[in-house]
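K.L.:
Next input, structure requested:
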Amino acid sequence: MLDIRHLRSLVAIADTGKLATAAERVHLSQSALSHQIRALEDHHGLPLFERTRQGLRFLPAGERLLQLARTVLSEVHAAERDLQRLNGQATGELRIALECHTCFDWLMPVMHTFRQRWPGIEVDLVAGFHADPLTLLKEGRADLVIGSRPKALRPWHVLPLFRFEILAVLANDHPLRHKRHLNARDFEGETLITYPVPEARIDLIREVLKPAGLVLPRRTAELTVAIVQLAASRRGIAALPSWGLQSYLSHDYVQGLRIGPKGLWSELHAICPKAQATRPHMQDIAEIMRTECARLPGIEWLA
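P.N.:
Coordinates of the predicted model:
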């Protein structure tokens, strides 16, 4: 009765907390996934979940099957990697381009784990700032892009990672430091400190300032530490992912404030050409990213 597809469904539900988003991940309709779960519950005579305001919560029977699912699927993936190596297919190069430059803060442990699992594949980062990282995929100069979901999905396979909160970065003595959150008008008269990327790729400009009709002067820096230092010196206000700010906030170098009453959120996806999507190591690195980044503050899973 219990098979691999059930185990994958249980993990998807655990990761997303919602039946609809879990169904998308395992390529089923919501009704088909519901039927699958009901069949498991009927077979074992026990409920697996209960619905809460936060989503589905695993009951003891569901927790036991989820434990089994994670163990079995981990072994399945390990066996697939071993078979690839035995077949001489687990060699080559994986070139990664980053659209979100603060990803450097968590990418090193991801690459370390990946190298342990796939020692025959050389991992390389495509250096520099790129106005359109997907162009690197089109031109064959990268194999994987970590960034926002592309508008045109047809040429690409998109592996969802997670959504994360972006915080405003202010000096410790900034007049706005005591506010619970910043609204668009709070940015008036400020200089915006950003990475040297097009405005269309800056969430604060695209989602907050532009709809409010605000255009701020910009100052750019390539390094996160330089952006934080400029903000700490009252040269302007920055907006950075919460995970990239933790060490600076814990040392009281700067203040981090929520943008808007519900926060400003962005998403990260792993994007590759469809022809490479079925390669086990490509799926594996996306899963490693999700696992490693589970420890990051201010993130939520994507289906």
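K.L.:
Export only the CA atoms of the longest strand anywhere in the chain, formatted as PDB.
P.N.:
Using DSSP state E to assign secondary structure, the strand with the most residues in the chain is strand 156-170. These are the backbone C-alpha positions of strand 156-170, laid out as PDB (Å, rounded to 0.1, in the frame of the first residue of the first chain):
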ATOM      1  CA  TRP A 156      13.300  26.900 -18.100                       C
ATOM      2  CA  HIS A 157      12.800  24.400 -15.300                       C
ATOM      3  CA  VAL A 158      12.100  26.300 -12.100                       C
ATOM      4  CA  LEU A 159      12.800  24.600  -8.700                       C
ATOM      5  CA  PRO A 160      11.200  26.700  -5.900                       C
ATOM      6  CA  LEU A 161      13.500  27.300  -2.900                       C
ATOM      7  CA  PHE A 162      12.000  29.800  -0.400                       C
ATOM      8  CA  ARG A 163      10.600  33.300   0.200                       C
ATOM      9  CA  PHE A 164      12.400  35.600   2.500                       C
ATOM     10  CA  GLU A 165      11.900  39.000   4.300                       C
ATOM     11  CA  ILE A 166      13.800  42.100   3.300                       C
ATOM     12  CA  LEU A 167      14.600  44.600   6.000                       C
ATOM     13  CA  ALA A 168      15.500  48.300   5.900                       C
ATOM     14  CA  VAL A 169      19.000  48.900   7.200                       C
ATOM     15  CA  LEU A 170      19.500  52.100   9.100                       C
END
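K.L.:
moving C-terminal of it, what's the next helix or strand?
P.N.:
For strand 156-170, the succeeding helix or strand toward the C-terminus, using DSSP states H and E, is strand 181-182.
K.L.:
And the next helix or strand past that next one?
P.N.:
Heading C-terminal from strand 181-182, the first helix or strand you meet, by DSSP H and E, is strand 192-194.
K.L.:
what about that following strand, distance to the chain center?
P.N.:
Offset of strand 192-194 from its chain centre (CA atoms, centre = their mean, to the nearest Å): 22 Å.
K.L.:
mind giving me the domain ranges of this structure?
P.N.:
Using automatic domain parsing, the domain ranges for the chain come out as 4-85, 91-161+267-301, 164-265.
K.L.:
mean confidence score for the second one?
P.N.:
Pointing back at domain 91-161+267-301 there. Along domain 91-161+267-301, the predicted local confidence has a mean pLDDT of 82.
K.L.:
Tell me how far it lies from the chain's centre.
P.N.:
Taking CA atoms, centre = their mean, the mean C-alpha location of domain 91-161+267-301 is offset from the chain mean by 10 Å.
K.L.:
Helices along the stretch 51-200 of the chain, start to end?
P.N.:
60-86, 104-117, 134-138 (DSSP state H, counting those that start in this stretch).
K.L.:
and the ones you listed as CSV, adding distance to Leu46 and mean neighbour count?
P.N.:
Quick note: C-beta positions are derived from backbone N, CA and C, even for glycine. As requested, these are arranged in CSV below (distance: least, CB to CB, whole Å; neighbours: other CB atoms under 10 Å):
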stretch, distance to Leu46, mean neighbour count
helix 60-86, 4, 14
helix 104-117, 35, 16
helix 134-138, 46, 17
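K.L.:
Lys18: neighbour count?
P.N.:
17 (other CB atoms under 10 Å).
K.L.:
any idea how far the residue nearest to it when sequence neighbours are not counted lies from Glu41?
P.N.:
Among residues not flanking Lys18 along the chain, Gly55 sits closest, at 5.1 Å (CB to CB, 6 or more residues apart in numbering). The gap separating Gly55 from Glu41 is 18 Å, by CB to CB, to the nearest Å.
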